[in-house]
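Novice: my questions are about this predicted structure, shown below with the sequence.
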Amino acid sequence: MSAGRIVLVVVGALAALVGFGLLVAAAVAGWAHGTQRDDDGFYRSGGHRLETTTHAITSDRIDLGAGVEEGDWVPFDDIGTAEVVARAPGRSPIFVGIAPSDDVDRYLDGVAHDRVEDIGGGPFDIDDVDYDRIDGTATPGAPAAEDIWVASAQGPGRQVLRWEVDQGDWTVVLMNADASPVVAANVAVGLRTDLLLPIAIGLVVAGVLALVLAAVLLTLGLRHAAAWEGAVPPVAELPEPVVLADSYPARLDARLEPGLSRWLWLVKWVLVLPHVVVLAFLWAAAFVLTVVAGFAILFTGRYPRSIFDFNVGVMRWTWRVGFYSFAAFGTDRYPPFSLQPDASYPADFTVDHPERLNRWLVLVKWWLLAIPHLVLVAIFAGGWGFGGGDDDRWRVAGGGGLIAVVALIGVVIHAVRGAYPRELFHFVMGLNRWVFRVWAYVWLMRDEYPPFRFDGGGTDPGSMPAFPPAPHAPEAPAADEHLVGAGGGEPPPPPHER
């Protein structure tokens, strides 16, 4: 596949992602406009209890285009009406007001108060409020006596502040009406605006245009697949694979090359960065195309061949980069920037294109049926997850897997002894092979369930061989037969691997 076609596919896939995102945002905006307004036309938040032992509680600065020159149009001028509802628990009068932030800072200069930094520390802790304490010893005057407020309300019980949103830098202040310390109230905010429906319509239009652009780019990039497949050597020039009856139709192969550098692995993570950048875009494109293929399978029972070849190419490219670096460190030959098969490179991956696929299996195999394998893949290849900590905040964490650890052990032994342990190489190949079989299944390429079987060794059981072994002169048996040294690549696989 030419570089130009790859760029078209990647840009088209990104445009599709943007288009789908815009349509989802439009659906959310339309749903909110139709269902989330009250009788007064306000979109309201849930209530939160705010309390402090100081003289006041303030919001963080609310910047609504404060740096824009006077007279220039800013979108905040047309937002609508904001509302703050505060209800004191007792009969003592409270005050709620909004004023320019600089005026509030001058009014509360030297006064102890709390500034709200965050409301809702986690999805199940909506009443968790984080404050930033500003210390001071001064006693403020009654807030209502100040002439800084653009909108305010005070009194006992429920107080409602409404303000026509305007450009500027604003701060909301909650105090007792007499400015005494110890302030507490239940506070909710709302917004009445006529912009949500036009925004939803605009998002729909933009989303449809992005999807049309994506369709055009993907069509140009994926059409006439045979044209770019012509660059692959004819089948007659490649070794004919011998497929065994119990082999899986996704085959991962590699050969450990002789003469590996003892120290190049220390910088390979830097050398592969250009590949990582390109692969990030290719994976995004492959994800979008897999979704498209899923719908095609659902309605036709067939996986479009051009999409299939592109996605297999992305997996092949990924495997070559992994074999060169963190997934095996099995070669010092820099991976090609190519999706196509290359019998001269010591790592390859291929999947047999299915004639037909089960239409309904596509709905469950990529997640529900794959769960047992995905757990193992997370252990083998590493993974990411999220959870709560001791402070009730949610965090995302991740790490490398068993493959990277085993490969690193092997290459460190090679650096020390000048030989890569053959057993470790066979083991890391088995782990990679398991991961790629599951990957092919999850990407909807095959209906056959991946076997819970460890097939180690460089040559896949279904490939005899996937590519010719590296030529080398005969040599005397090494003293340590379990090591693959600098002089002689990987020996032929034993019969049980065939």
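Specialist: Thanks, I have it. Numbering: from 1, shown residues only.
Novice: quick check: residue 182 touching residue 52?
Specialist: Yes: taking contacts as Cβ atoms under 8 Å, residue 182 lies within contact range of residue 52: 7.4 Å. The C-beta positions use only the backbone N, C-alpha and C, and glycine is treated the same way.
Novice: where does the stretch 51-200 of the chain dip in pLDDT?
Specialist: Scanning the stretch 51-200 of the chain for pLDDT under 70 picks out 66-77, 120-127.
Novice: which stretches of it form helices?
Specialist: For the stretch 51-200 of the chain, the helices defined by DSSP state H, counting those that start in this stretch occupy 101-107, 196-222.
Novice: give me the buried positions along the longest one.
Specialist: To tie it back to what came earlier, the one meant is helix 196-222. 196, 200, 203-204, 206-207, 210-211, 213-214, 217-218, 221-222 (16 or more other Cβ atoms under 10 Å).
Novice: tabulate those residues in JSON lines, adding columns for distance to residue 273.
Specialist: Shown next, in JSON lines, are those (distance: Cβ to Cβ, whole Å):
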{"residue": "196", "distance to residue 273": "43"}
{"residue": "200", "distance to residue 273": "40"}
{"residue": "203", "distance to residue 273": "35"}
{"residue": "204", "distance to residue 273": "39"}
{"residue": "206", "distance to residue 273": "33"}
{"residue": "207", "distance to residue 273": "33"}
{"residue": "210", "distance to residue 273": "29"}
{"residue": "211", "distance to residue 273": "32"}
{"residue": "213", "distance to residue 273": "29"}
{"residue": "214", "distance to residue 273": "28"}
{"residue": "217", "distance to residue 273": "26"}
{"residue": "218", "distance to residue 273": "27"}
{"residue": "221", "distance to residue 273": "25"}
{"residue": "222", "distance to residue 273": "28"}
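Novice: so what would you say the end-to-end distance of stretch 147-161 is?
Specialist: The first residue of stretch 147-161 is 16 Å away from its last residue (Cα to Cα, to the nearest Å).
Novice: what's in contact with that stretch?
Specialist: 83-88, 90-100, 103-104, 107, 143-144, 162-163, 166, 170, 177 (Cβ atoms under 8 Å, 6 or more residues apart in numbering).
Novice: got the buried residues for that stretch?
Specialist: So, applying 16+ other Cβ under 10 Å, buried residues of stretch 147-161: 148, 149, 151, 152, 153, 154, 159, 161.
Novice: and what of stretch 88-98?
Specialist: 88, 94, 95, 96, 97, 98.
Novice: which pair in the residues you listed spans the largest distance?
Specialist: Greatest spatial distance in the buried residues of stretch 88-98: 88 and 98, 18.0 Å, computed using Cβ to Cβ.
Novice: more neighbours: which of residue 182 and residue 52?
Specialist: residue 52 (22 against 11; other Cβ atoms under 10 Å).
Novice: report the contact partners of residue 53.
Specialist: 181, 182.
Novice: all further residue positions should be reported with the first residue as 28.
Specialist: From this message on, residue numbering opens at 28, which makes the last subject residue 80.
Novice: for residue 209, see how far away it is.
Specialist: 5 Å (Cβ to Cβ, to the nearest Å).
Novice: the buried residues of stretch 174-188: which two are farthest apart?
Specialist: 175 and 186 (17.9 Å).
Novice: related to what we said a few turns ago, residue 318: which of the buried residues of stretch 115-125 is nearest?
Specialist: Distances from residue 318 to the buried residues of stretch 115-125, taken by Cβ to Cβ, are shortest for residue 125, at 45.8 Å.
Novice: give the contact list for the closest one.
Specialist: 111, 176, 177, 178, 179, 188, 190, 197, 198, 199, 200 are the contacts of residue 125 under Cβ under 8 Å, 6+ apart.
Novice: how near is the residue lying farthest from the centre of the chain to residue 83?
Specialist: Within the chain, residue 172 marks the point farthest from the mean C-alpha position, 52.0 Å out by Cα atoms, centre = their mean. Separation of residue 172 from residue 83 (Cβ to Cβ) stands at 14 Å.
Novice: likewise residue 74?
Specialist: On the measure of Cβ to Cβ, residue 74 and residue 83 end up 19 Å apart.
Novice: quick one: contacts for the closest residue to residue 74 other than its chain neighbours?
Specialist: Spatial nearest neighbour of residue 74, excluding adjacent residues (Cβ to Cβ, 6 or more residues apart in numbering): residue 215 at 4.3 Å. By Cβ under 8 Å, 6+ apart, residue 215 lies in contact with 71, 72, 73, 74, 75, 111, 112.
Novice: repeat that for residue 160.
Specialist: 81, 139, 141.
Novice: out of the residues you listed, which comes closest to residue 400?
Specialist: Among those, and counting by Cβ to Cβ, the member closest to residue 400 is residue 141, at 50.8 Å.
Novice: correct me, but that closest one touches residue 82?
Specialist: No: look at residue 141 against residue 82 with Cβ under 8 Å: they stay out of range, at 9.4 Å.
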